[in-house]
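# What follows is a protein structure lacking sequence information:
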């Protein structure tokens, strides 16, 4: 089967996150089973126009916003070469509306809906306009389309918009990191350490994590913070400036974007992960950290409610730095609760695999023979 996959980021993109991990793991497995997969995605500074890895091809055209047009034009011009049997229209803020010009079976793939993220990632008046228009342009996608998503939170959003329940297929999440064999394989940092991990973007609210650390540090002078993730944008500069202004800046380590090996190292050694997004499809970093015996404290938002079972695998708190700090201090004091969250989160992570995601995904798109 020839599959063309519209999505605005690939894993090399500076703002790539959990959604791109999922996409590429699925694409690699499709390729390994003899299918041809072509991503039509956006360019970014110094990006190659074409890349091939793990058996699938990435074609980059346009930028973050123009790609919705340039990818469609590329598809139309090269359709005879691509020979698509299936088109995947991935909606990450905006859909490609590929079903209107693909000429073949098209499925929709949502990691999450944008909703309040409009107000964090876009300036006025575009933020207000996008928020108001989103339900309307998404309704144009409904008729007779297979819809794939990764969480009950996103499924509920789609149902509220009128997407038929029978059309929505929920697939398992997975993680690239192998869960550690046992707790005996883990050595934590000598001092209690919080971890902030991920691209620094307004919708991630990294500034809340810095403020929470400052609050908690006053109560626990031994506390340390590690900040890892791309800081190249304007928001990233604000985060770095805030860290420089912190009275506890000497206790904060900024790593920037890290390798997979370093990612595993800091996840294993840190005591707690903080995640403060406005909204997530799932919150893949939470499951990854859990696989390394590191519990998470997360804001009470869509997606993160799916990735954390409150009081079992992590803690879900109100959306403010004080609550984040209070929860961190509580966990670092309560050894029994901390061990419970470690163990239960680690056990759950072993069931969230990309092999299962792939099985769910192929059933949703109608591939019977794997």
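Cool, got the structure. Remember, it's a predicted structure, so these values are computed and weren't measured experimentally.

# so after the host helix or strand of residue 155, what's the next helix or strand?
Using DSSP states H and E, residue 155 sits within helix 152-160. Downstream of helix 152-160, the next assigned helix or strand under DSSP H and E is strand 168-170.

# Starting from that following strand, tell me which strands it pairs with and how they run.
Using DSSP bridges, the strands paired with strand 168-170 are strand 146-149 (parallel).

# Pull the distance from the strand it pairs with to the chain's centre.
With CA atoms, centre = their mean, to the nearest Å as the basis, strand 146-149 stands 17 Å off its chain's centre.

# Pull out the buried positions in that strand.
If you call a residue buried by 16 or more other CB atoms under 10 Å, then strand 146-149 has these buried ones: 146-149. Just so you know, the C-beta spots here come from the backbone N, C-alpha and C atoms, and that holds for glycine as well.

# With stretch 19-34 instead?
19-31.

# ok, now stretch 184-198?
186, 192-198.

# so the residue lying farthest from the centre of the chain is in which element?
Checked against the mean C-alpha position of the chain, the extreme residue using CA atoms, centre = their mean is residue 80, at a distance of 33.4 Å. Assigned by DSSP H and E, residue 80 belongs to helix 67-82.

# What pairs with whichever helix or strand comes after that helix, parallel or antiparallel?
Going down the chain from helix 67-82, the next helix or strand is strand 86-91, by DSSP H and E. If you go by DSSP bridges, strand 86-91 pairs up with strand 2-6 (parallel), strand 105-110 (parallel).

# Give me the angle between strand 86-91 and helix 67-82.
For strand 86-91 against helix 67-82, the angle by axes from the mean of the first three to the mean of the last three CA atoms, to 10 degrees is 170 degrees.

# what's the model's confidence in strand 86-91, averaged?
Taken as a whole, strand 86-91 has an average pLDDT of 96.

# Contacts for it, please.
1-8, 23, 95-99, 102, 104-111, 113, 138, 141, 365-366 (CB atoms under 8 Å, 6 or more residues apart in numbering).

# so residue 290 makes contact with residue 349?
Yes - judged on CB atoms under 8 Å, residue 290 makes contact with residue 349 at a distance of 4.5 Å.

# ok, the two, which is more surrounded?
residue 290 (31 against 24; other CB atoms under 10 Å).

# Show me what the helix holding residue 80 is packed up against.
strand 2-6, strand 36-41 (3 or more CB pairs under 8 Å, 6 or more residues apart in numbering; DSSP states H and E).

# hey, what's residue 86 bridged with?
Here residue 86, judged by DSSP bridges, has bridge partners residue 3, residue 105.

# How many neighbouring residues does it have?
Neighbours of residue 86 using other CB under 10 Å come to 21.

# Mark out where each domain of the protein begins and ends.
Domain assignment for the chain by automatic domain parsing gives 2-174+353-365, 183-349.

# Chain neighbours aside, what residue packs nearest to residue 238?
residue 207 (6.7 Å; CB to CB, 6 or more residues apart in numbering).

# That neighbour: which element?
Element membership for residue 207, per DSSP H and E: helix 206-219.

# shaky segments in the stretch 101-250 of the chain?
143-144 (pLDDT under 70).

# can I get the helices and strands packed on helix 67-82 in TSV with mean neighbour count?
Below are those laid out as TSV (neighbours: other CB atoms under 10 Å):
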stretch	mean neighbour count
strand 2-6	23
strand 36-41	24
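
# Out of those strands, flag the one nearest residue 121.
Proximity to residue 121 (CB to CB) singles out strand 36-41 among the helices and strands packed on helix 67-82, at 18.2 Å.

# Quick one: distance of that closest one to the chain centre.
20 Å.

# And it, what does it pack against?
Going by 3+ CB pairs under 8 Å, 6+ apart, strand 36-41 lies up against strand 2-6, helix 18-32, strand 56-60, helix 67-82.

# Nearest approach to residue 155 belongs to which of those?
Among the helices and strands packed on strand 36-41, helix 18-32 comes nearest to residue 155, with 15.6 Å by CB to CB.

# who touches residue 177 in this structure?
Applying CB under 8 Å, 6+ apart, the residues near residue 177 are 263-264, 267, 288, 291-292.

# returning to what we had before: return the member of the buried residues of stretch 19-34 nearest to residue 222.
Taking CB to CB as the measure, residue 222 sits nearest to residue 21 out of the buried residues of stretch 19-34, at 33.4 Å.

# pretty sure the closest one contacts residue 13?
No - the pair residue 21 and residue 13 fails to qualify as a contact (CB under 8 Å) at a distance of 11.8 Å.

# Not counting sequence-adjacent ones, nearest residue to residue 62?
In space, residue 62 is closest to residue 70, 3.3 Å off (CB to CB, 6+ apart).

# In which helix or strand does the residue lying closest to residue 26 once chain neighbours are set aside reside?
Closest residue to residue 26 apart from its sequence neighbours, by CB to CB, 6+ apart: residue 361 at 5.4 Å. Assessed by DSSP H and E, residue 361 sits inside helix 354-365.

# So which of the strands paired with strand 86-91 is nearest residue 219?
Here strand 105-110 is closest among those (CB to CB), at 40.5 Å.

# Run through the neighbouring helices and strands of whichever helix or strand comes after the closest one.
Downstream of strand 105-110, the first helix or strand assigned by DSSP H and E is helix 118-121. Secondary-structure packing of helix 118-121 (3+ CB pairs under 8 Å, 6+ apart): helix 126-139.
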